[in-house]
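> Sequence and predicted structure are below.
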Amino acid sequence: MRNRITATVVAAAASVALLGGSGQALAADTAPAAPSQLTVDAYKTWLKRAPGGGPTFKAFSRLPAPKQRAFVGYLQNARVFKAFGVTQTGDIPSKAKTKTVRYNRDVTFTSTTVAASRAAKSTKTITLSVTATERIFDIPVTSATTTLSYETGKGGLITGKGEKSGHKGTNFNAAFTIKAGATQLAPEANMLDAVTNWTATPRFKSAGTKPIKKLQVLTGLGDHGTATTLETIGS
């Protein structure tokens, strides 16, 4: 299933939307030019200019100097961003459910899913979301969200009506510009996938020279369960 989704959606991701800062548009466009590497001072300057960067700037500034240097090192370490990924399963309905994967003692990756079910006479409206977040010293750096909604009928079967999908993201990693292609719907036997392709392009030599491509999939399993994943599919 995943191979088919990857091949289909990567090919369809020609229309690219820029996301970030303040929860909606990625702040990367305001980053200062720095072809060699990102420094602590340059990162602070970038955060001051980035839409919605205030809370991150305050949290980062409170770190002691050694942790600030380590933080900026993680930002421009391509191995860390490539490792950013989480898989998770859950029930419908379900309140916010979070799974944490620890990269090391400083860096964590989390996945939070929310699943709602609203019943009518003979149908249910299912609304799902998943947000994957990278944190450094417990400070959120990059997050990617995919959403999905659809209708189920008798026996919990997906009717094909009311199907919608979308995405949003925030990025306070000045070492990468992150873009997303349009979220695609991929129906299967009483399953529905919402699939978003994310591409992180290095802004500094220290972060590498090749874009890192990630696939985020949110699957609705009729009216009873969910499955989600964020994984690297190329670099």
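In hand now; what should we look at? Residues are numbered from 1 along each chain as shown.

> Check the separation of the first and last residues in stretch 62-80.
Taking Cα to Cα, to the nearest Å, stretch 62-80 runs 23 Å from one end to the other.

> May I see the buried residues of it?
For stretch 62-80, a neighbour-count test (16 or more other Cβ atoms under 10 Å) marks L63, Q68, A70, F71, V72, G73, Y74, L75, Q76, N77, A78, V80 as buried. Quick note: C-beta positions are derived from backbone N, CA and C, even for glycine.

> any idea how far I92 is from the most centrally placed residue in the chain?
The centroid of the chain falls nearest to A144 when counting by Cα atoms, centre = their mean (1.8 Å). Separation of A144 from I92 (Cβ to Cβ, to the nearest Å) stands at 21 Å.

> same deal with A194?
Using Cβ to Cβ, A194 is found at 14 Å from I92.

> CA-only coordinates of stretch 105-121 in CSV, if you can.
C-alpha atoms of stretch 105-121 as CSV (Å, rounded to 0.1, in the frame of the first residue of the first chain):
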residue,chain,number,x,y,z
ARG,A,105,18.4,13.0,25.1
ASP,A,106,18.0,16.4,23.5
VAL,A,107,15.8,15.8,20.5
THR,A,108,12.3,14.2,20.4
PHE,A,109,9.7,13.5,17.7
THR,A,110,6.0,13.4,18.5
SER,A,111,2.8,12.5,16.7
THR,A,112,-0.5,13.7,18.0
THR,A,113,-3.8,12.4,16.5
VAL,A,114,-7.3,13.6,17.1
ALA,A,115,-10.3,11.6,15.9
ALA,A,116,-13.9,12.9,16.1
SER,A,117,-17.2,11.1,15.1
ARG,A,118,-20.5,13.0,14.7
ALA,A,119,-23.5,10.7,14.2
ALA,A,120,-26.6,11.5,12.2
LYS,A,121,-29.6,9.2,11.5
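
> need the helix or strand of this structure with the lowest average pLDDT.
Ranking every helix and strand in the chain by mean pLDDT, DSSP states H and E puts strand 16-18 at the bottom, with a mean of 32.

> picking up where we left off before, give me the more crowded residue out of A194 and I92.
Comparing A194 with I92 by other Cβ atoms under 10 Å, the one with more neighbours is A194, at 27 against 21.
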